[in-house]
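S.K.: Show me the folded form of this:
(chains A and B)
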There are 2 protein chains.
Amino acid sequence: MKKPERIVIVGSGNVAEALCRAISAIGRGQLVQLFARNPERGQALAALAGCPWTDDPQALAEADLYLLAVSDRAIGELSRQLPFGDGIVAHTAGSVDIGQLSPTLRRGVFYPLQTFTAGRAVDFRAVPLFIEAESEGDYATLTALAEELSDSVYRADSLFRQKMHVGAVFVANFVNDLYAAGEQWMRACGMDFAALKPLIAETTRKILAGGSPLEAQTGPAVRRDWPTIEKHRQLLEDAPALKTIYDLLTEHIIEMNETHGKL
Amino acid sequence: MKKPERIVIVGSGNVAEALCRAISAIGRGQLVQLFARNPERGQALAALAGCPWTDDPQALAEADLYLLAVSDRAIGELSRQLPFGDGIVAHTAGSVDIGQLSPTLRRGVFYPLQTFTAGRAVDFRAVPLFIEAESEGDYATLTALAEELSDSVYRADSLFRQKMHVGAVFVANFVNDLYAAGEQWMRACGMDFAALKPLIAETTRKILAGGSPLEAQTGPAVRRDWPTIEKHRQLLEDAPALKTIYDLLTEHIIEMNETHGKL
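M.R.: Got it, this is the predicted structure:
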C-alpha cells in the first residue's frame, strides 16, 4: 500500500491537534503544512508538528492527502474553497456524509472514534479509525496511513460511520452528562464532586477490564428495590430534570435486564 | 479515639468481601469472625480474611463492632435475630435508615461509597466512608476504624447518606446502563463493543484528571448540531428505548449548558 508522502492538515481544533501529534510522531516528515484560519492556534499546532503554517489559500501546499479537521458545518464549503489540486481530501467527522465534500475532489473520510482535548495527548495507537474512499487506490492510501497510526483500522461507509458515532454519543457525551448531573447534585448537597470519583473510576475500570456492562449492573433498579427507588425519587423532588432522568434510566435498566439486552 | 479491637463481619456478598480484604490488610487481627448463611462464600471469605467462619447464631462471637454487609432488606430482620450483645451494630447500606436497625442495639452506619465486585480488589484508602452513630462514643469508634481504612471519612446522617447514594446511582448504575446501551447498539451494528473502549476510557480519565464534566462536554447536543441530531434520531428508529434516552439526554445537555449546571 502506498503511504501518503505529503500530508496537509486543515484546521486547528482538537482533532487537528491530535492528528498533528500522531502524524508528526511517526517521524517521517510527511506533515508538509498546517492550514488554519486561527493564527494563534495555527502557529502553535504547526510548532507542535514541526511544519509551516499558513492561512493563505493561495499558499496551500501540494500534497497527497489533505486531512480536514474542521467543524462539521465548515467541511462542505471549505472543500469547495481551497485549491486542493489532485490530492485526496478526507474529512475527519463522524456524522458527515462523504458526499458533503465537493464532487470535483478525490474524496475520503478518516474518522477517529475518540474525544480529543486541547493539550491532552492520547494513545493514538488505541484509537479506532474508520476509513472511507471512493476508489480502492485512495482507500489503500488512507488505510496505509491509518495503520501507521493505529492498531484498530476499519473500513466503513458513511452510514456505518454515523452508526458508530451514535454509539460514541451514548458512551461519551451522555456518560459525561451524567457526570455533570452528579457534579450538580453533589454541589447541591454541599459535597465535593471528588467524593464520587473513586466510584466513577471503578465503574469504568470494571467494564474496560472486559466485563459486559449488562452483566455488571448493580444498584436499586436491577434489584427492583422499590422502597429505595421511591426514596430517591422523593429526594429528587426539587431537581425535576434529574428526576426525569432517574425514572427513565431506572426503567431502562429493568428493561435491559428483562430482555437480556436484546434490541 | 478507641479503635474497635474485635470485629465481626456479617454477610458474604461483595461488600463483605471488600471489608474482609480491607480490615484484614490492616494486620491487627481484629477480625474475629465472619458470620454468613452461605457456607461456600462464607468459608471462602473467612479464609481470605484469616478468621473463623460460622453460620450458627448461637456461635456468634463477642465483638466491639458488628458490620452488617447484607442486602438492604435483610438488615432490619437480621438486627433483631442475632444475639449481638453489647457491641456496636453498623450496617453498610447507602439508602437504609439507621432506624431500620433494632432499637435495642447500639446502632451505627458504615457506608462505603464504591461498587464492589467479587474477586476484584479496590484501593480501599480511596473509598469515601460515611459514618453515622447514635452516640459520640460510638461515632468515635466507627470513625477510628474508618480512618484506619480510608483517607476520606465523612460524618453523615441517614438523609445525607441517601443523597450521596442518589449521586452514586447517576455516575455508576446509570453510566453503566449507557455502557450497556452502547454494547447493545454496537452488537446491533455488527461491531465489537471494544471499539468504544478507548473513548470510554478517555471520557472518564478526562474528568478524573480534574476537569469539570460540565465544561468538558462535547458532541452534537452541546453544539446544537441539529442536522446530526436528526440523523442520529433516524438511525435509532428501530431502537425506541435508545431513541427515548437519546432525546432526553440531548435535551438535558442543552439545558445544563444553558443554565451552567445550576439546579
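
S.K.: Can you name the residues that contact the nearest residue to residue A:206 once chain neighbours are set aside?
M.R.: Closest residue to residue A:206 apart from its sequence neighbours, by CB to CB, 6 or more residues apart in numbering or on different chains: residue A:216 at 5.6 Å. For glycine as for every other residue, the C-beta is placed from the backbone atoms N, C-alpha and C. If you count contacts by CB atoms under 8 Å, 6 or more residues apart in numbering or on different chains, residue A:216 has them with A:206-207, B:117, B:176.

S.K.: Repeat the analysis, applying 7 Å as the threshold.
M.R.: A:206-207, B:176 (CB atoms under 7 Å, 6 or more residues apart in numbering or on different chains).

S.K.: cool, and residue A:70?
M.R.: A:10-11, A:78.

S.K.: Show me the strands in chain A, by range?
M.R.: In chain A, the strands defined using DSSP state E lie at A:7-10, A:31-35, A:53-54, A:65-68, A:88-91, A:106-112, A:129-133, A:153-155.

S.K.: returning to that earlier point: now, of the contacts of residue A:70, which are buried?
M.R.: Neighbour-count burial (16 or more other CB atoms under 10 Å in any protein chain shown) is assigned, among the contacts of residue A:70, to A:10-11, A:78.

S.K.: How far away from the center of its chain is stretch A:173-190?
M.R.: 22 Å (CA atoms, centre = their mean, to the nearest Å).

S.K.: what's the closest of the strands of chain A to chain B?
M.R.: strand A:153-155 (7.5 Å; CB to the nearest CB).

S.K.: Pull out the buried positions in that closest one.
M.R.: A:153-154.

S.K.: Quick check: neighbours of that strand in the sheet, parallel or antiparallel?
M.R.: Strand A:153-155 has its sheet partners listed here by DSSP bridges as strand A:129-133 (parallel).

S.K.: tell me the angle of the partner strand relative to strand A:106-112?
M.R.: 170 degrees (axes from the mean of the first three to the mean of the last three CA atoms, to 10 degrees).

S.K.: circling back to that earlier point, make TSV out of the strands of chain A and add mean pLDDT.
M.R.: Formatted as TSV, those follow (pLDDT from 0 to 100):
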stretch	mean pLDDT
strand A:7-10	98
strand A:31-35	97
strand A:53-54	98
strand A:65-68	98
strand A:88-91	98
strand A:106-112	98
strand A:129-133	98
strand A:153-155	98
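
S.K.: Now do the contacts for the nearest residue to residue A:179 once chain neighbours are set aside.
M.R.: Once flanking residues are discounted, residue A:179 sits nearest to residue B:213: 3.7 Å by CB to CB, 6+ apart. Going by CB under 7 Å, 6+ apart, residue B:213 touches A:176, A:179-180, A:183, B:207.

S.K.: Equivalent analysis for residue A:121, please.
M.R.: residue A:21.

S.K.: Distance of it relative to residue B:129?
M.R.: As for residue A:121, its distance to residue B:129 is 35 Å (criterion: CB to CB, to the nearest Å).

S.K.: Got the confidence number for the residue sitting furthest away from the middle of chain A?
M.R.: Distance from the C-alpha centroid of chain A, by CA atoms, centre = their mean, peaks at residue A:227 (39.6 Å). pLDDT recorded at residue A:227 is 92.

S.K.: So which bits of the stretch 1-150 of chain A are right by chain B?
M.R.: A:72, A:95, A:113-115, A:117, A:122, A:126-128 (CB under 7 Å from any CB of the partner chain).

S.K.: Format the residues you listed as TSV; extra columns: pLDDT and neighbour count.
M.R.: Listed next are these as TSV, based on pLDDT from 0 to 100; neighbours: other CB atoms under 10 Å in any protein chain shown:
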residue	pLDDT	neighbour count
A:72	92	17
A:95	92	23
A:113	97	22
A:114	97	23
A:115	95	24
A:117	90	17
A:122	92	21
A:126	96	15
A:127	98	22
A:128	98	25
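
S.K.: May I ask which two of those are separated the most?
M.R.: A:72 and A:126 (24.2 Å; CB to CB).

S.K.: Contacts made by stretch A:101-114 with the rest, please.
M.R.: With CB under 7 Å, 6+ apart, stretch A:101-114 has contacts from A:15, A:18, A:67, A:75, A:79-80, A:84, A:88-94, A:98, A:122, A:127-134, A:138, A:142, A:146, A:161, A:164, A:168, B:195, B:198-199, B:202.

S.K.: just the buried members of those residues?
M.R.: A:15, A:18, A:67, A:75, A:79, A:84, A:88-94, A:98, A:122, A:127-134, A:138, A:142, A:146, A:161, A:164, A:168, B:195, B:198-199, B:202.

S.K.: Now do the domain split for chain A, please.
M.R.: Domain ranges of chain A: A:7-156, A:162-259, per automatic domain parsing.

S.K.: Find the residue at the geometric middle of chain A.
M.R.: Nearest to chain A centroid, counting by CA atoms, centre = their mean: residue A:114, 3.4 Å.

S.K.: Please, where are all the helices along chain A?
M.R.: Taking DSSP state H, the helices of chain A run over residues A:14-26, A:39-49, A:75-81, A:136-149, A:158-168, A:175-188, A:197-208, A:213-216, A:226-235, A:240-259.

S.K.: looking at the ones you listed, which is buried most?
M.R.: helix A:175-188 (a mean of 24; mean count of other CB atoms under 10 Å in any protein chain shown).

S.K.: tell me what that one is packed against?
M.R.: With contacts taken as 3 or more CB pairs under 7 Å, 6 or more residues apart in numbering or on different chains; DSSP states H and E, helix A:175-188 sits against helix A:240-259, helix B:158-168, helix B:175-188, helix B:197-208, helix B:213-216, helix B:240-259.

S.K.: Is any residue of the first one near chain B?
M.R.: Which is helix A:240-259. Yes. Under the criterion of CB under 7 Å from any CB, helix A:240-259 makes contact with chain B via A:241, A:244-245, A:248-249, A:252-253, A:255-256.

S.K.: pretty sure residue A:208 contacts residue B:197?
M.R.: Yes. Judged on CB atoms under 7 Å, residue A:208 makes contact with residue B:197 at a distance of 5.7 Å.

S.K.: ok, back up a step: out of the contacts of residue B:213, the closest to residue B:154 would be?
M.R.: Nearest member of the contacts of residue B:213 to residue B:154, counting by CB to CB, is residue A:183, at 17.4 Å.
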